[in-house]
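S.K.: Using only what follows, build the 3D model:
(chains A and B)
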Amino acid sequence: MDFQPKLKEKQWDKSIEQKMFKKWQEEGLYKFDKKSKKPLYSIDTPPPYVNTPIHIGHAYTYVWQDIMARSRRMMGFNVLFPIGLDKNGLPIEVMAEKIFNIKMHETPREEFIAKCKEMLEKAGDASLDSFKRLGLSCNEWQVKYELGGRYDTDDPEYRRLTQETFIQLWRKGLIYEDVKPTNYCPVCGTAIADAEVEYKEGKTKLNYIKFKVKETNEEIIIATTRPELLCSCKIILFNPEDQRYKHLNGKHAIVPIYGQEVEIRAHPYAKPEFGSGLVMICSFGDYGDVRLLRELNIEPTYAINTDGRMNENAGMLKGFLVADARKAIIAELQERDLLVKQEEIDHREPICWRSKNPIEFVALKEFYLKQVEFIPQLLDAANKMNFFAPESKQILIDWINSVSIDWVLTRRRYYGTEVPLWYCKKCNYIYVPDPGKYYQPWKEKPPIEKCPNCGSKEFVGEQRTFDTWFDSSSSEVYILGYLWDKKFFEKHFPCSMRPQGKEIVRNWLYYTLLKSLHLYGKPPFKECWIHMHVVDEKGEKMSKSLGNVIDPHEILDKYGAEAFRIWSCLEGDITHGDIRCSFNRIEGTSKFLTKLWNIARFVSSFPQVEKTELTDTDKWIIDELYLLVERVKNNYKNYEFSDAANDIRNFVWNVFASHYLEMIKVRAYGQGFSEKEQKSAWFTVHFVLKNVLKLLAPIIPFMTDYIWREVYDKESIHKQELPEINYRFGLENYTQKIIEFNSAVWKEKKDKGLSLKAEIAIKVPEELKMFKKDLVKMHNII
RNA sequence: GGGUCGAUGGUCUAGUGGCUAUGACGCCGCCUUGACGUGGCGGAAAUCGCAGGUUCAAUUCCUGCUCGACCCACCA
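M.R.: Predicted coordinates:
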């Protein structure tokens, strides 16, 4: 009998991948079925920034999300797996400013927005192409405004949702307006949230300045890094334990140059060992100042304006930029012999996460969302979500516990979701529109004729936009169809899964939790998968400045998506720690693809037959398969894809191929065995292959589907469920012994310089007697 | 400064209070074996980050340190 494999080529052809992807799209394989009776599994994927190409970390984590989607689909869930693109906020504006060489605040708003759109248009959807090459099984790639649809965060519909959440929060009394010292980036020209503040290590000068004590006329020395803020000095502190200054308690100091009298007081904030042990508290030099003036209930004097320049409170420094003001005041102090010395010190400066410029504290009237008073509820809700890995939950808990002021919602930017408010020109009544429409108050009239309060017909539209995280933190509401199918939303909220990076727990996950708790009274997700980072060979973060960033396109071009996907599982588990990648091994891990391919080729050369009475060897491998299936299904359930992949590889290569297939080869060819025994082998090889393909389908979807369709079925493997093995024979304990025996025979032949086909006289151990016939034929034992 | 996590052959990983520490990639040697040389068999290669401690016994438990990642923080 001549056996012809159904798979002709000797290895996987990666050019098939994109053909398969196209076929999947044509078939609508992953389209979301709203009417499905299956339980829903919804994934709130992180929308990547549209204008930056995806890097290796993205590729890795989106592949893992795809494995989540595919494995849940094969576990019988109706999977909602939409893809979004983030097109909101500062990064878009900054990019547009750079490309067109314009300044936002010097450009008419309409025109600036048009420029942003033009830029986004040009940038295209490059990152989506990468995702398609990786084979992600998202429901839709282009269709918008429906369940499973692709979305952009600057879609008018998305913005309508953002505005609706604001209106609801407003009506619940959770939003208020207040003047507070606010983190402000003079370069971006906007208030920024605590979560947007970064720190930069650097050197700065600590200036020792002479003050006079009013009551005693004695000279005291105060060290400061912010001499330009002398004008806003409010109080001077020393440590209660500091004997040097005890006598000054309750006395007053006269601030040099400006002459205001400020109290001197004991307070533990002052550290005796720093500077002179005396610290001046200004409004505001840093977070310490903000906290202390709040604590001591002292009215601040703001010295810096929103343009980053000193104001009239700074007297002679008025109009200077902060950095220039510092130079000028130091020169003035030297002139008047008030500067004792300067020391260079290391310190950490708060900077804006986007512009990387130092932030200042300025007085701004902004809208706030209440969060501080909800910390116990937030902790409670956080604890109701299931985290993978469990220890990741601590990142969220720690952040919640550190929240100390409410969330500043408003930004003075253009390319963002508008705050939907109008103000009555006459009586300042704040008009909040009904939800249901996307509002642009800066260029539209309000949807009412006259002020409900005073009857005036003149309104001013709100100019500000929201913090981008205010948009992002409703993504799970958006994808669950809130805007288009409230019933569906209500039935399926909370969302099943939030996959995201550990670095944005404090904003994306936290803010989503906050809004969800405020609006729906429960946590937004059932499960959160928090991933660590892909780092370079040395364990260091990949960044453009270090030049160690790896573009996944190189790998996709060279090895294909399947190689990348199997590598991303075999390389390690990004849930528990950073992944240190070394790409010289991607070639090695992808060898498994070739092995699997050839196993399938071999198996495909035998006829597919009905189950007959099985031989013991066949029963044994099915027992092994059963155990594998149970372990892998459990791995999939718990998102342990690395364990699953390694386990499957080990079974397929080191048990099934190396031992089982070698043992049954002669029988499958039918030499010296009955037809019944031959058919038992035929049945078993296909049975194992079919189930192995199903187990691997979430990880390597292209190749498994290709083999499946060539060998088994016209319909995609991705319509199958994970295997359910109903046979048990109790023979799994023999595996180790079989492997040992075979290895011993091979070694013996090798040691004797014999060909593997050569006859050999060796005794099959008594305990392996049930496999004796196969073993004898396999090794040509005489 | 504080917290969390990580560190196992050249590389990536498994693992455990106790025989000669798992597997893979790479490397070296040998081998056509009716799927696969993108294969098979064999081999070399690790004082399990460093220094202490607990224990009869530690890679595994404890303490300190170094390095890396992430987060937090009020040192002017």
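S.K.: So which residues of the stretch 401-550 of chain A form strands?
M.R.: Along the stretch 401-550 of chain A, counting by DSSP state E, counting those that start in this stretch, strands occupy A:407-408, A:410-411, A:422-424, A:430-431, A:459-461, A:465-466, A:495-501, A:525-531, A:534-535.
S.K.: residues in contact with residue A:239?
M.R.: Contacts for residue A:239 (C-beta atoms under 8 Å, 6 or more residues apart in numbering) come out as A:245, A:266-268, A:270-272, A:277. All C-beta spots, glycine's among them, are computed from the backbone N, C-alpha and C.
S.K.: same thing but 7 Å
M.R.: For residue A:239, the contact set (C-beta atoms under 7 Å, 6 or more residues apart in numbering) comprises A:268, A:270-272, A:277.
S.K.: again with residue A:600
M.R.: Residues near residue A:600 by C-beta under 7 Å, 6+ apart: A:7, A:689, A:707, A:711.
S.K.: Between the residues you listed, which sits nearest residue A:586?
M.R.: When these are compared for distance to residue A:586 (C-beta to C-beta), residue A:707 wins out at 21.6 Å.
S.K.: is it true that the closest one touches residue A:693?
M.R.: Yes: Residue A:707 is in contact with residue A:693 according to C-beta atoms under 7 Å; the separation is 6.1 Å.
S.K.: out of those two, which sits in the busier spot?
M.R.: Neighbour comparison, residue A:707 and residue A:693: the larger count goes to residue A:707, with 26 against 23 (by other C-beta atoms under 10 Å).
S.K.: For the more buried one, report the pLDDT, please.
M.R.: Residue A:707 carries a pLDDT value of 96.
S.K.: State the helix or strand in which it lies.
M.R.: Counting by DSSP states H and E, the element that carries residue A:707 is helix A:701-711.
S.K.: Please list all residues in contact with the residue in the stretch 1-150 of chain A positioned nearest to RNA strand B.
M.R.: Closest to RNA strand B within the stretch 1-150 of chain A is residue A:11: 4.0 Å, counting by C-beta to the nearest atom of the strand. Neighbouring residues of residue A:11 by C-beta under 7 Å, 6+ apart: A:594, A:597.
S.K.: Against residue A:662, how distant is it?
M.R.: According to C-beta to C-beta, to the nearest Å, residue A:11 stands 21 Å off from residue A:662.
S.K.: how about low-confidence regions in the stretch 451-600 of chain A?
M.R.: The stretch 451-600 of chain A contains residues with pLDDT under 70 at A:537-548.
S.K.: quick one on the thing from earlier: I'd like the contacts of residue A:239 as JSON lines, with secondary structure appended.
M.R.: Output for those, formatted as JSON lines (DSSP: H, G, I helix; E, B strand; the rest coil):
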{"residue": "A:268", "secondary structure": "coil"}
{"residue": "A:270", "secondary structure": "coil"}
{"residue": "A:271", "secondary structure": "coil"}
{"residue": "A:272", "secondary structure": "coil"}
{"residue": "A:277", "secondary structure": "coil"}
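S.K.: Out of these, which comes closest to RNA strand B?
M.R.: Nearest to RNA strand B among these: residue A:271, at 3.4 Å, using C-beta to the nearest atom of the strand.
S.K.: Now residue A:147. Nearest residue, chain neighbours left out?
M.R.: Ranked by C-beta to C-beta, 6 or more residues apart in numbering and with sequence neighbours excluded, the top spatial neighbour of residue A:147 is residue A:481, at 4.7 Å.
S.K.: I'd like to know how many residues surround that neighbour.
M.R.: Each residue near residue A:481 was counted by other C-beta under 10 Å, and the total is 25.
S.K.: Contacts only, for it.
M.R.: Residue A:481 is in contact with A:147, A:488-489, counting by C-beta under 7 Å, 6+ apart.
S.K.: Show me what counts as buried in the lengthiest strand in chain A.
M.R.: Longest strand in chain A by number of residues (criterion: DSSP state E): strand A:197-213. For strand A:197-213, the neighbour count (16 or more other C-beta atoms under 10 Å) marks A:206-209, A:211-213 as buried.
S.K.: Ok, stretch A:353-364 next?
M.R.: A:353-355, A:358-364.
S.K.: So the closest residue to RNA strand B within chain A: helix, strand or coil?
M.R.: Using C-beta to the nearest atom of the strand, the closest approach of chain A to RNA strand B is made by residue A:588 at 2.4 Å. Taken by three-state DSSP, the conformation at residue A:588 corresponds to helix.
S.K.: before we move on, back to that, could you flag which of the contacts of residue A:239 are buried?
M.R.: When the contacts of residue A:239 are checked for burial by 16+ other C-beta under 10 Å, the buried set is A:270, A:272, A:277.
S.K.: Of these, which are in range of RNA strand B?
M.R.: Restricting the buried ones among the contacts of residue A:239 to those near RNA strand B by C-beta under 7 Å from any atom of the strand leaves A:270, A:272, A:277.
S.K.: Between those residues, which sits nearest residue A:457?
M.R.: Checking those against residue A:457 by C-beta to C-beta gives residue A:270 as the nearest, at 57.1 Å.
S.K.: and that closest one, what is it in contact with?
M.R.: If a contact means C-beta under 7 Å, 6+ apart, then residue A:270 has A:237-239, A:277-279 as its contacts.
S.K.: least trustworthy position among the residues you listed, going by pLDDT?
M.R.: Confidence by pLDDT is poorest for residue A:239 among those, given 79.
S.K.: what's the distance between it and residue A:646?
M.R.: As judged by C-beta to C-beta, residue A:239 and residue A:646 stand 58 Å apart.
S.K.: The closest residue to residue A:407 other than its chain neighbours: what's it in contact with?
M.R.: For residue A:407, ignoring the flanking residues on the chain, the nearest one in space by C-beta to C-beta, 6+ apart is residue A:369 at 4.4 Å. By C-beta under 7 Å, 6+ apart, the residues touching residue A:369 are A:169, A:174-175, A:406-407, A:409.
S.K.: before we move on, what about residue A:526?
M.R.: The contact partners of residue A:526, taken as C-beta under 7 Å, 6+ apart, are A:385-386, A:494, A:496.
S.K.: Repeat that for residue A:175.
M.R.: By C-beta under 7 Å, 6+ apart, the residues touching residue A:175 are A:169, A:367-369.
S.K.: out of these, which are inside strands?
M.R.: Among these, DSSP E puts A:367-369 in strands.
S.K.: of the residues you listed, closest to residue A:415?
M.R.: Nearest to residue A:415 out of the ones in strands among the contacts of residue A:175 is residue A:367 (C-beta to C-beta; 18.8 Å).
S.K.: what pairs with the residue nearest to residue A:407 across the strands?
M.R.: Taking DSSP bridges as the rule, residue A:369 bridges to residue A:175, residue A:407.
S.K.: Relative to residue A:376, how far out is it?
M.R.: In this structure, residue A:369 and residue A:376 are 17 Å apart, going by C-beta to C-beta.
S.K.: would you list the ones in strands among the contacts of residue A:175 in JSON lines and tack on pLDDT and distance to RNA strand B?
M.R.: As requested, the ones in strands among the contacts of residue A:175 are arranged in JSON lines below (pLDDT from 0 to 100; distance: C-beta to the nearest atom of the strand, whole Å):
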{"residue": "A:367", "pLDDT": "92", "distance to RNA strand B": "21"}
{"residue": "A:368", "pLDDT": "90", "distance to RNA strand B": "17"}
{"residue": "A:369", "pLDDT": "93", "distance to RNA strand B": "17"}
